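Undergrad: what shape does this take:
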Amino acid sequence: MNDAIAEPVDPLDAVARLLKVMRRLRDPHSGCPWDLQQTFETIAPYTLEEAFEVADAIERRDLAALRDELGDLLFQVVFHARLAEEQGAFGFGEVAASIADKLRRRHPHVFDGNPHASDADRRADWERQKAAERRSRGEHGVLGGIARALPALTRACKLGARAAAVRFDWPSVAGVRDKVAEELAELDAAVAEQAGSSQAFEELGDLLFVIANWGRHLGHDPEAALRAANAKFERRFAFIEQAVAERGESLEQLDAEGWDALWQQAKQHDKSRPPGEP
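TA: Alright, predicted model coming up:
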């Protein structure tokens, strides 16, 4: 990653200043009209967007952008906390205290001098802690508390992992692979039988769910894998666009053979990139 050059800043002073800015923006008499119109619901999409932009800066290995994007994400936290404070529910201090308490509670091996015998014990204790927290919030089901706003592949993987914690899972990677083949055959059958778009839609969802959990069994994050595949497709397509432009042609002029030849060139060019280059 490139270096992000910044003068050292006292974090407590910086947070205090940010909270003051937020209060000013929400001042009912002299604040910003746009900020005053916002609610939890209207701000939530921006919160998700900023989280993805943080991930994008990391993938691009851009520390300067990461600093800015983390600031944007922190502002979202401050904004939500300010809205809650105005309703008398909680403030930013309670948000920070809550996560600090949770981290201490979930890491007794660090803060209480109770080391785990193994990684398996550590993971089991972590899951017990999270289950207890879910129960305290009234979430008693095994699958409770998995945010519906998560990207679908990520949520599918988390649902599968949570079910696996109570031993509802495929016994092996090979078992998941067999299920992928089964779901693909069912999708093919729905398409061949022209069973209707709703049936194909359902079978496609089943296939994607199993593929996400195949990734889990393989030890890979399916969401990250798909993001990488998207980036790879963009790079290769951009190579083709440039190649066609240099020939003074347009993409629309390419026939199937032309597309295939350029795609093969794009693949070779992509494979020659230095390791770690975005």
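Undergrad: okay, CA-based contacts and neighbour counts for the rest of this
TA: Noted.
Undergrad: how about the helices of the stretch 151-278 of the chain, start to end?
TA: Ranges of helices within the stretch 151-278 of the chain are 152-164, 173-192, 197-218, 222-246, 256-271, based on DSSP state H, counting those that start in this stretch.
Undergrad: tell me the mean pLDDT for the longest one?
TA: Same thing as helix 222-246. Helix 222-246 shows a mean pLDDT of 93.
Undergrad: what residues of the helix-or-strand element of the chain with minimal mean pLDDT count as buried?
TA: Least confident helix or strand of the chain, by mean pLDDT, DSSP states H and E, is helix 119-136 with a mean of 75. Neighbour counts over helix 119-136 (16 or more other Cα atoms under 10 Å) mark 122, 125, 130, 131, 134 as buried.
Undergrad: identify the farthest-apart pair in those.
TA: 122 and 134 (18.5 Å; Cα to Cα).
Undergrad: got the angle for the least confident helix or strand of the chain vs helix 152-164?
TA: Following axes from the mean of the first three to the mean of the last three Cα atoms, to 10 degrees, one obtains 100 degrees for the angle between helix 119-136 and helix 152-164.
Undergrad: what is helix 119-136 packed up against?
TA: helix 92-106 (3 or more Cα pairs under 8 Å, 6 or more residues apart in numbering; DSSP states H and E).
Undergrad: contacts for the helix it packs on next, please.
TA: 78, 81, 82, 85, 110, 111, 126, 129 (Cα atoms under 8 Å, 6 or more residues apart in numbering).
Undergrad: tilt between that helix and helix 119-136?
TA: Using the same axes, to 10 degrees, the inter-axis angle of helix 92-106 relative to helix 119-136 is 140 degrees.
Undergrad: buried residues in helix 92-106, which are they?
TA: For helix 92-106, the neighbour count (16+ other Cα under 10 Å) marks 92, 105, 106 as buried.
Undergrad: with distance to residue 267 added, can I get those in TSV?
TA: Below are the buried residues of helix 92-106 laid out as TSV (distance: Cα to Cα, whole Å):
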residue	distance to residue 267
92	49
105	49
106	45
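Undergrad: so who does residue 247 touch?
TA: Listed by Cα under 8 Å, 6+ apart, residue 247 has no contact partners.
Undergrad: now residue 22, nearest residue through space, not along the chain?
TA: Nearest non-adjacent residue to residue 22, counting by Cα to Cα, 6 or more residues apart in numbering: residue 79, 6.8 Å away.
Undergrad: so what pLDDT did the one you found get?
TA: 98.
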